[in-house]
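Asker: pasted the sequence and its predicted model underneath.
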Amino acid sequence: MATDITDDRVPVTLLTGFLGAGKTTLLNNLIRDPEAGRIAVIMNEFGDVGLDHDLIEEATEETVLMQSGCICCSIRSDLANTMRSLMAKRKRGDLAFDRVVIETTGIADPGPILHTLVVDDLTAPFYRMDGVVTLADAALGPRTLDTQFEAVHQVAMADLMVVTKTDLVTPREVAQFEARLEGINATARRIHSERGRIAPGALFGLSALRPSVTTDDISEWLGVEPSKPDPLSGLSGLTPTGAKPAPLPLQQTGGHAHHDHRIASASIEVEEPIPASIFDFWLDTLIALKGPDILRIKGILHVEGLDLPFVFHGVQHIFDAPVQVRSWSGTDTTSRVVVIARDTDAKGLKASLDTLRMRWTDDDAATDGMMADTTEMPF
Ligand SMILES: Nc1nc2c(ncn2[C@@H]2O[C@H](COP(=O)(O)OP(=O)(O)OP(=O)(O)O)[C@@H](O)[C@H]2O)c(=O)[nH]1
């Protein structure tokens, strides 16, 4: 089930965010970031004027403009064709790029994009998800969150949030906005960006799905440990201090009258290695019952009988192949799993996660593999 070969697939970043949050401004800076390598940008032309495209094309030849209007309507075939053709050109030596950024303006739901990346036979062998980056502007962001559930989604799915336009509001307003973002998604790291400026390399390498990932990287990715100093902070003067997520709250998020309460998150730590069959049972059941509403699942899993843990993640029902952490040297066998979902409550998610603590008993075998004491998931 795991990817254990050296992963030389091209990393793909989904760049999403609120309307007018500064995605194009950021992209223009990004393609000049020497640490980013050569970037192929895929974007949809949304609206009448392909302004984004014009701006970006000036700076890079590796920009692809999707043919049709709204990316979500045509995503499967258009994106798959685009990704295949990019790869074909790369192999022929016509195009050189080290990573792909897909700008997903106007998309509430990246499921189809991820499906194309991860499941399509002709693209999946060549690309891997590097992370979801969501831009949220501190100026209009609070109102956007109030009025658009899509924006709340985008925050909930992020691996990294870039808080923009902090120059337009007071530090207090920025802090309030960030507290709200944290309430929706405590696992994502946050950085600030003014006028598209970001610390070099800040947007990439977000996923912990690589064999050489460190324990610290995994903890940061899962947002399960107390804050540590950000190695990027101070490089540009743009990364705020104290912007790392606090430990994931186990209660339902809330406190706002609009959409935030529709997002819930929960996490679990299981100290003893988990039997593979228990994990599969938990995941199959959760996906069957809540698949479309699962925004993120991620974790580190110690499987009974195996020396090295796996890191895994999924968005909705779509999962990248888990990656075995070859660099693991510790004796800690604690598995950690985080789930963020919409239209459910944290209690239900937590009850679901508690399944991971269960163990088969001899009686279970005698009763045809039915699990004694099975948790009923209260969705
Ligand atoms: N004051 C300020 N303005 C910004 C900042 N970032 C972007 N802008 C401005 O905000 C406006 C929108 O920026 P864009 O980069 O076009 O935003 P976008 O997210 O690509 O917009 P859409 O594609 O229409 O959703 C532009 O006028 C930018 O110059 C910032 O940090 N501070």
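Answerer: Great, that's in hand.

Asker: contacts and neighbour counts: CA atoms only from here.
Answerer: Will do.

Asker: stretch 156-168: end-to-end distance?
Answerer: In stretch 156-168, first residue to last residue: 24 Å (CA to CA, to the nearest Å).

Asker: and that stretch, how far out from the chain's middle?
Answerer: Its chain's C-alpha centre lies 14 Å from the corresponding centre of stretch 156-168 when counted by CA atoms, centre = their mean, to the nearest Å.

Asker: so what are the domain limits for the chain?
Answerer: 10-222, 260-366 (automatic domain parsing).

Asker: those domains: lowest mean pLDDT?
Answerer: Ranked by mean pLDDT, the domains of the chain bottom out at domain 10-222, which scores a mean of 79.

Asker: my guess is residue 271 contacts residue 335, does it?
Answerer: Yes. Counting by CA atoms under 8 Å, residue 335 is a contact partner of residue 271 at 6.3 Å.

Asker: before we move on, the earlier item: reformat the domains of the chain as TSV; add mean neighbour count.
Answerer: As requested, these are arranged in TSV below (neighbours: other CA atoms under 10 Å):
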stretch	mean neighbour count
domain 10-222	19
domain 260-366	19
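
Asker: interface residues of the stretch 151-300 of the chain facing the ligand?
Answerer: By the criterion of CA under 6 Å from any ligand atom, the positions of the stretch 151-300 of the chain lying close to the ligand are 164, 165, 167, 168, 193, 194, 195, 196.

Asker: rerun that using 5 Å as the cut-off
Answerer: For the stretch 151-300 of the chain, the residues in contact with the ligand under the definition CA under 5 Å from any ligand atom are 164, 165, 194, 195.

Asker: now, which of the residues you listed sits nearest residue 18?
Answerer: The shortest separation between residue 18 and any of these is 10.3 Å, and it belongs to residue 164 (by CA to CA).

Asker: what's near enough to touch the closest residue to that closest one other than its chain neighbours?
Answerer: Take residue 164 and drop its neighbours on the chain: the residue closest to it by CA to CA, 6 or more residues apart in numbering is residue 137, 4.5 Å away. Shown here is residue 137, whose contacts under the criterion CA atoms under 8 Å, 6 or more residues apart in numbering are 18, 21, 22, 163, 164, 165, 166.

Asker: need phi/psi at the second one.
Answerer: Per-residue torsions, residue 21: phi -70, psi -20 (degrees, to the nearest 10).

Asker: now do the third one
Answerer: Torsion angles at residue 22 (phi, psi; degrees, to the nearest 10) stand at phi 120, psi 30.

Asker: from memory it sits against residue 135, does it?
Answerer: Yes. Taking contacts as CA under 8 Å, residue 22 lies within contact range of residue 135: 7.2 Å.

Asker: intersection of neighbour lists for these two?
Answerer: residue 164.

Asker: any idea where the strands of this protein begin and end?
Answerer: With DSSP state E as the definition, the chain shows strands at residue ranges 10-17, 39-44, 63-66, 99-103, 127-137, 160-164, 189-193, 263-270, 294-301, 310-315, 318-319, 323-324, 335-342.

Asker: out of these, nearest to residue 357?
Answerer: Taking CA to CA as the criterion, strand 263-270 is the member of these that comes nearest to residue 357, at 6.5 Å.

Asker: helices and strands around that closest one, which ones?
Answerer: Applying 3 or more CA pairs under 8 Å, 6 or more residues apart in numbering; DSSP states H and E, we find strand 263-270 packed against strand 335-342, helix 346-354.

Asker: let me know the angle separating that strand from helix 346-354.
Answerer: Angle of strand 263-270 versus helix 346-354, following axes from the mean of the first three to the mean of the last three CA atoms, to 10 degrees, is 30 degrees.

Asker: just checking: what are the partner strands of strand 263-270?
Answerer: Pairing partners of strand 263-270, with direction, according to DSSP bridges: strand 335-342 (antiparallel).

Asker: run the chain-centre distance for the partner strand.
Answerer: Strand 335-342 has its average C-alpha position 12 Å from the chain's average C-alpha position, going by CA atoms, centre = their mean.

Asker: repeat that for stretch 283-298.
Answerer: Averaging C-alpha positions (CA atoms, centre = their mean) puts stretch 283-298 15 Å from its chain's average.

Asker: do me a favour and get the end-to-end distance for that stretch?
Answerer: Distance between the two ends of stretch 283-298: 11 Å, counting by CA to CA.

Asker: equivalent analysis for stretch 282-297, please.
Answerer: Between the opening and closing residues of stretch 282-297 lies a distance of 12 Å (CA to CA).

Asker: same thing with stretch 202-213?
Answerer: Using CA to CA, the end-to-end distance of stretch 202-213 comes out at 17 Å.

Asker: may I ask which two of the contacts of residue 137 are separated the most?
Answerer: Across the contacts of residue 137, no pair lies farther apart than 18 and 166, at 14.5 Å, counting by CA to CA.

Asker: the residue nearest to residue 164 and residue 149: what is the separation?
Answerer: 16 Å.

Asker: and if you look at residue 79?
Answerer: According to CA to CA, residue 79 stands 25 Å off from residue 149.

Asker: coming back round to it: among the helices and strands packed on strand 263-270, which is nearest residue 8?
Answerer: Relative to residue 8, the nearest member of the helices and strands packed on strand 263-270 by CA to CA is strand 335-342, separated by 26.3 Å.

Asker: give me the contact list for that closest one.
Answerer: For strand 335-342, the surrounding residues in contact (CA under 8 Å, 6+ apart) are 156-157, 185, 222, 262-274, 293-302, 349, 353.
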